[in-house]
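Novice: The following comprises the amino acid sequence and a computationally predicted model.
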Amino acid sequence: MFRSYGSVLDECLTALRSGEPMEQIVARHPRHAPRLRSALALAARVQSSPRVTPRALAQEQSWRLVRERAHQLRLGGRRVTARRGHFGALFRPALALVAVLLAVSSFGGGLAIASQDAMPDSPLYSIKLATEDIGLWFVFDETHEAEILLDQSNQRVDEIRSMVSQGKTIPENVLGALENRNRRAVSILQDRPEETGLQARVLSQAQEQEDLLLALWQQVSDPAHDEFAEAVAALHNVRLAGSAGTSFVAVQPDDLRGGFQSISGQVQALDDGTWSIGGVAVNVDDRTIGGGEIVAGLTARVLVARGADGRLQALSLIGGGPLNDSESSAFVNGVVESITSEGIRVGGTLFRLSEATLKTYDIEPGEFAEITVRTTADGFVADEIKPAVSTRTSTELRALTFEGTIEGDVSGSKSEWLIGGFQFGVTESTVVEAGAGDVRDGARVQVEAINDRGKLEASRVSVLASETKAEVVTLIGTFDGVQGAQWVVSGLPVVPPEDGAEPQIGALISVETERGSGGDLTASGFFEIEAAGDNQLIRTLGTISEIEGGNWTLEFGDVNVAASAKIAGGEPGVGQRVVIWSQPGVGGGDLVAHYIRVLDHAAAIESFNSFLPSPSP
Amino acid sequence: MTRSLNEPRTGSAPDEKARATPSAQPQEEVSAEWELVRRAQQYDNEAIHAIYQTYYPKIYNYAFMQMGDVQAAEDLASDVMLKMIEKVQTYKFTGLPFGAWVFRIARNRLIDLHRRRKRRGEVDLSETIATALANPQVLAERALARGQIQVALKHLTPEQRQVIVLKFIEGFDNRSVGKIMGRSEGAIKSLQHRALGSLRRILHADDV
């Protein structure tokens, strides 16, 4: 039967694709052998030619659109604005006209104007965003459009700041809008390398926004966590692209879904290619942005993200040597005496506010607050102000300070640590200071915690350079009274000391205890830091920079340490980290120390606040 | 009539008749892909992401081979992926791989784009480059040797170029290629014959 060459070729191509050797295929058709051999060789060559692969950033940006569209369709929703390239530019005039008609007919001019001050929790906020988009359709210079988008992105940041200063959580719409503006600006500018000014602005803005968002993780509403992870990942990737060009390994939102944590400590290389920082396994790789090198044996500070799988990925690194004071922050907890545009006054000391000061609540005088303090040539600056739980406040939340020994595994993926016989919740907001040694089984630590109706949540864990026995537990809290035969200190049961002495109910005390075989804490004695009824002491955490007789200098000012002040935990010295409970001096004078807890000799000072944007000069 | 999001409007599992239909994909792959598509029809994010990760690079490659322009290929791939998710509930298994349906969208979008460019009087930059070079045979040979198949393909007709990409690079069978291009299987056999012939002539086929 006659078969055309085309039919024979097709059969042979199918055989070739199924893996049959070429000569074997050709041998079946001797009449067409020369032509077949040539055609099959050519087909094989085309088949083996390498594929053209898309740019990772473009693929990622496109995926966001698809996912957004899928989300809308899932909700039975509206259209998504496609990434403007060749298609968008074509329809822009027509869309602009439609947009104007919509703005006039549907919204009404007044509504659009009224929406301009709308905040993300307002029903008018979506109109505000739509009005911004409409305005952009009239901008035909794409570079100028990118500039406007970057301005709008900063407006989103201002809205976020305003929300958190009113004690509100950050909703998903403003995070989505922030990510949207940034993505569109980057998309325009990635093909315009000549716009060096705007390129630099994108990078600096990305860093500022990433730092700010990370500091606000606790203020993000639960439904907005996905948008938050996406916004942070996008900002981080912009920074990575800025330093590595188009070829870089991007951070994925899934790498960030478990929250963020600050860790500092000694570095050790682990067998699986990750690093141990202060005893916590952390992945440090091309996705880590940092101003230092990670070196085994030296100290490093990392801001890590916890992935959906529990693994810790370092986003930022400061490493390569001992951390110095300029990289540290101090913390002041106390009752706010006044708050004005000039600053916030606590313990008789004024802490100046700056444009970058982050207020996570609208604090009023008389309320208890924690201030993160930085020292500048002009005085003390408040980097962050947030509400705090007073040790003395009689509410269901009880603040306490606890010193004990870690028992068992506290690897990065653990969310509960056993310390001194008590389970402490370790969340994404827990700051881990491991400058004095690794966070590991047997390490002595000081824990600042909140007792929330019997559940202990650690806000800061500091490893102590202490030789204290594992059985010894120190507890600093409010004496709640006696229940049965036991004392209750900030909600925790303690067996009273044998000498029969008893503090006043409501007094702030430090209790030295020993843990028995049954887990009971038996007090050997106590020190009354502040009498019942008083609530004047402020609690400060900082590093000693100078000791001159009874006068100590720390980041937040001078402290008068009289002979009557109780010093515990070790011998004080310059460079040491200390927690001081002190009273404001008369007439705004130096703080007067009542009780001092020495933490360690190798100061390693951590907080999220170290990553906050620096205030404007 | 209301419809639950959990009930795809269309689409049914591959039946026996469909399974018997020749396809370039092994049966297990077809079944796995169908399961993925079924979940995507319910807008399951994981399934959509898996499909996206598979097809975005393929469509980008296809678009780049046709247009030779990175930006245009990215735009087209993005556009096709959006269209795919908007239309996925209308997809019905007919024995052809899901990829044939996605590439059909891509081809239609490509045709639309060419029409619009033509109406606007735009010149295809890659064609300009190709024709400006003195010796296309030498250029094509050199390009193919370096793996730059898209440069060699510029000298084929658009239909020949499509059949080469779909058949030899994407690995579709004749039936799928026919479905994508809106041609019969016979026409595809004939097209591939002519396309390989043209490419061979360009490349001094005797030396291949």
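Specialist: Nice, I can see it.

Novice: Could you use CA atoms for every contact and neighbour count after this?
Specialist: Will do.

Novice: Any residues of chain A in contact with chain B? List them.
Specialist: Residues of chain A lying close to chain B by C-alpha under 8 Å from any C-alpha of the partner chain are A:6-7, A:9-10, A:38-39, A:41-43, A:46-47, A:49-54, A:58-59, A:62-63, A:65-67, A:69-71, A:73-74, A:82-87.

Novice: And those residues, which of them are buried?
Specialist: Among these, those classed as buried by 16 or more other C-alpha atoms under 10 Å in any protein chain shown are A:6, A:9-10, A:38-39, A:41-43, A:46-47, A:49, A:51-52, A:54, A:58-59, A:62-63, A:65-67, A:69-71, A:73-74, A:82-83, A:87.

Novice: Looking at the residues you listed, which are in helices?
Specialist: Mapping these onto helices (DSSP state H) picks out A:6, A:9-10, A:38-39, A:41-43, A:46-47, A:58-59, A:62-63, A:65-67, A:69-71, A:73-74, A:87.

Novice: Next, count neighbours for residue 178.
Specialist: Since you didn't name a chain, this refers to chain A. Counted with other C-alpha atoms under 10 Å in any protein chain shown, residues neighbouring A:L178 total 24.

Novice: My question was about chain B, not that one.
Specialist: When neighbours are counted by other C-alpha under 10 Å, B:G178 registers 21.

Novice: Can you tell me how far A:E471 is from A:V461?
Specialist: A:E471 is 18 Å from A:V461, where distance means C-alpha to C-alpha, to the nearest Å.

Novice: between these two, who's got more neighbours?
Specialist: More crowded of A:E471 and A:V461, by other C-alpha under 10 Å: A:V461, with 21 against 16.

Novice: per-residue pLDDT, the more buried one?
Specialist: Per-residue confidence at A:V461 stands at 86 (pLDDT).

Novice: State the phi and psi torsions of it.
Specialist: In terms of degrees, to the nearest 10, the main-chain angles of A:V461 are phi -120, psi 120.

Novice: residues touching it, list them.
Specialist: Residues near A:V461 by C-alpha atoms under 8 Å, 6 or more residues apart in numbering or on different chains: A:T430, A:V431, A:V432, A:E433, A:V445, A:Q446, A:V447, A:E448.

Novice: so what's A:L303 bridging to?
Specialist: For A:L303, the residues forming beta bridges with it (DSSP bridges) are A:S262, A:S316.

Novice: try A:A523
Specialist: Judged by DSSP bridges, the bridge partners of A:A523 are A:T513.

Novice: try A:L358
Specialist: Beta bridges link A:L358 to A:E384 when assigned by DSSP bridges.

Novice: any idea where the strands of chain B begin and end?
Specialist: Counting by DSSP state E, chain B forms no strands at all.

Novice: Show me the shaky parts of it.
Specialist: Low-confidence segments of chain B (pLDDT under 70): B:1-26, B:118-151, B:203-208.

Novice: any idea of the pLDDT on A:F608?
Specialist: You'll see A:F608 listed with a pLDDT of 29.

Novice: One more: A:D151?
Specialist: Note for A:D151: predicted pLDDT of 94.

Novice: what about it, neighbour count?
Specialist: A total of 15 residues lie near A:D151 under the criterion other C-alpha under 10 Å.

Novice: That one: which element?
Specialist: Assigned by DSSP states H and E, A:D151 falls within helix A:142-165.

Novice: so what secondary structure elements neighbour that helix?
Specialist: Packing contacts for helix A:142-165, counted by 3 or more C-alpha pairs under 8 Å, 6 or more residues apart in numbering or on different chains; DSSP states H and E, involve helix A:172-189, helix A:196-215, strand A:358-359.

Novice: got CSV for those, with mean pLDDT too?
Specialist: As requested, the helices and strands packed on helix A:142-165 are arranged in CSV below (pLDDT from 0 to 100):
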stretch, mean pLDDT
helix A:172-189, 88
helix A:196-215, 89
strand A:358-359, 76
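
Novice: of all those, which lies closest to A:L315?
Specialist: For the helices and strands packed on helix A:142-165, the distance to A:L315 is smallest for helix A:196-215, at 10.3 Å, taking C-alpha to C-alpha.

Novice: In the closest one, which residues are buried?
Specialist: Within helix A:196-215, the residues scored as buried using 16+ other C-alpha under 10 Å are A:198-199, A:202-203, A:205-215.

Novice: swap in stretch B:33-44?
Specialist: Those would be B:E33, B:W34, B:L36, B:V37, B:R38, B:R39, B:A40, B:Q41, B:Q42, B:Y43, B:D44, for stretch B:33-44 by 16+ other C-alpha under 10 Å.

Novice: Equivalent analysis for stretch A:24-37, please.
Specialist: Across stretch A:24-37, burial judged by 16+ other C-alpha under 10 Å covers A:I25, A:V26, A:R35, A:L36, A:R37.

Novice: average pLDDT across that stretch?
Specialist: Averaged across stretch A:24-37, pLDDT comes to 88.

Novice: Repeat that for stretch A:554-564.
Specialist: Per-residue pLDDT over stretch A:554-564 has a mean of 85.

Novice: Count the neighbours of the closest residue to A:T299 other than its chain neighbours for me.
Specialist: Among residues not flanking A:T299 along the chain, A:Q266 sits closest, at 4.5 Å (C-alpha to C-alpha, 6 or more residues apart in numbering or on different chains). Other residues near A:Q266 come to 26 when the count uses other C-alpha under 10 Å.

Novice: Next one: A:Q266 from chain B, what distance?
Specialist: Using C-alpha to the nearest C-alpha, to the nearest Å, A:Q266 is found at 39 Å from chain B.

Novice: tell me which element that residue falls in.
Specialist: Using DSSP H and E, A:Q266 sits in strand A:260-269.

Novice: Now flag whichever of the buried residues of helix A:196-215 is closest to chain B.
Specialist: Lowest distance from chain B to the buried residues of helix A:196-215 (C-alpha to the nearest C-alpha) belongs to A:Q199, with 19.4 Å.

Novice: from what I can see that closest one touches A:L189, true?
Specialist: Yes: applying C-alpha atoms under 8 Å, one finds A:Q199 in contact with A:L189, separated by 7.0 Å.

Novice: three-state assignment of A:F526?
Specialist: Classification of A:F526 using DSSP: H, G, I helix; E, B strand; the rest coil returns strand.

Novice: Let me see the contact set for it.
Specialist: Per C-alpha under 8 Å, 6+ apart, neighbours of A:F526: A:I509, A:S510, A:V511, A:E512.

Novice: May I see the buried residues of stretch A:181-197?
Specialist: Buried, per 16+ other C-alpha under 10 Å, within stretch A:181-197: A:R181, A:N182, A:R183, A:R184, A:A185, A:V186, A:S187, A:I188, A:L189, A:Q190.

Novice: Fine, thanks again, bye for now.
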